[in-house]
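Peer 1: got a predicted structure here, sequence first:
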Amino acid sequence: MVTCGTLADMPITAGQLDGLATAMHAEAEKHFRANGTVPALWFVPGSGGARLVPMPEGAIDHDLIAQLARADRPSAVLFTGEFWVGTVTVPAGAAAKLSMDDLPRPSEQADRREAIVTRAVGRAPSGGLLHAQHVTHILRTVFGPVQLIPFQLDPAAERSDDFGAFLAALLPNSAGPRRAPRR
């Protein structure tokens, strides 16, 4: 884990959240251009120094991330990584006989789409949730270098999935100070 930067105490404004997401996404693009991959990273800014948690295998350790979020009490949580979208069709009978590790993955499909995606969820001064998302389509060609093309998604789409809910669940409740649990 790396500690970097300092943010003001909670909460965070929409402009601050988008600025953090933009900066983190730009770093992911630079890393992709230099190394051909994007390591999945968590960026958990809290009331003190911001924490950058490398995830080189791209695996999300939910327990570790939740533990860090409880300790840091973040005003925003950001995640970036490289994603593949592809159509995988396996007959139900054949799929039932395969282990999870043997199921085909979108990243293995010839017609897959690759993208760098940065998702951010923050706690607004009003106590509500703020969302920011940046997507860059990765276009590989037979003519040489990879092209990175910014891609816009429906702004409401970032609020309606389970991953956004997971990120939001890492934020502390803004309803005021937490009470000690009753015994």
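Peer 2: All right, it came through fine.

Peer 1: show me where the chain has helices.
Peer 2: 14-35, 62-72, 92-97, 162-169 (DSSP state H).

Peer 1: mean confidence score for the first one?
Peer 2: Meaning helix 14-35. In this model, helix 14-35 has a mean pLDDT of 89.

Peer 1: what's next to it, contact-wise?
Peer 2: With C-beta atoms under 8 Å, 6 or more residues apart in numbering as the test, helix 14-35 has contacts from 7, 37-39, 41, 43, 45, 76, 78, 80-82, 116, 118-120, 122, 124, 130-134, 136, 138, 146, 148. Just so you know, the C-beta spots here come from the backbone N, C-alpha and C atoms, and that holds for glycine as well.

Peer 1: return the distance of it from the chain's centre.
Peer 2: Averaging C-alpha positions (C-alpha atoms, centre = their mean, to the nearest Å) puts helix 14-35 11 Å from its chain's average.

Peer 1: and that helix, C-alpha only, in PDB?
Peer 2: What follows is helix 14-35, C-alpha atoms only, in PDB (Å, rounded to 0.1, in the frame of the first residue of the first chain):
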ATOM      1  CA  ALA A  14     -18.800  16.700  -7.300                       C
ATOM      2  CA  GLY A  15     -16.000  18.700  -8.800                       C
ATOM      3  CA  GLN A  16     -13.400  17.200  -6.500                       C
ATOM      4  CA  LEU A  17     -14.600  13.700  -7.200                       C
ATOM      5  CA  ASP A  18     -14.600  14.100 -10.900                       C
ATOM      6  CA  GLY A  19     -11.100  15.700 -10.700                       C
ATOM      7  CA  LEU A  20      -9.800  12.700  -8.700                       C
ATOM      8  CA  ALA A  21     -11.400  10.300 -11.200                       C
ATOM      9  CA  THR A  22     -10.000  12.200 -14.100                       C
ATOM     10  CA  ALA A  23      -6.500  12.200 -12.600                       C
ATOM     11  CA  MET A  24      -6.600   8.500 -11.700                       C
ATOM     12  CA  HIS A  25      -7.900   7.600 -15.200                       C
ATOM     13  CA  ALA A  26      -5.100   9.600 -16.900                       C
ATOM     14  CA  GLU A  27      -2.600   7.600 -14.800                       C
ATOM     15  CA  ALA A  28      -4.200   4.300 -15.800                       C
ATOM     16  CA  GLU A  29      -3.900   5.300 -19.500                       C
ATOM     17  CA  LYS A  30      -0.300   6.300 -19.100                       C
ATOM     18  CA  HIS A  31       0.500   3.000 -17.300                       C
ATOM     19  CA  PHE A  32      -1.300   1.100 -20.100                       C
ATOM     20  CA  ARG A  33       0.700   2.900 -22.800                       C
ATOM     21  CA  ALA A  34       3.900   2.200 -21.000                       C
ATOM     22  CA  ASN A  35       3.300  -1.400 -19.900                       C
END
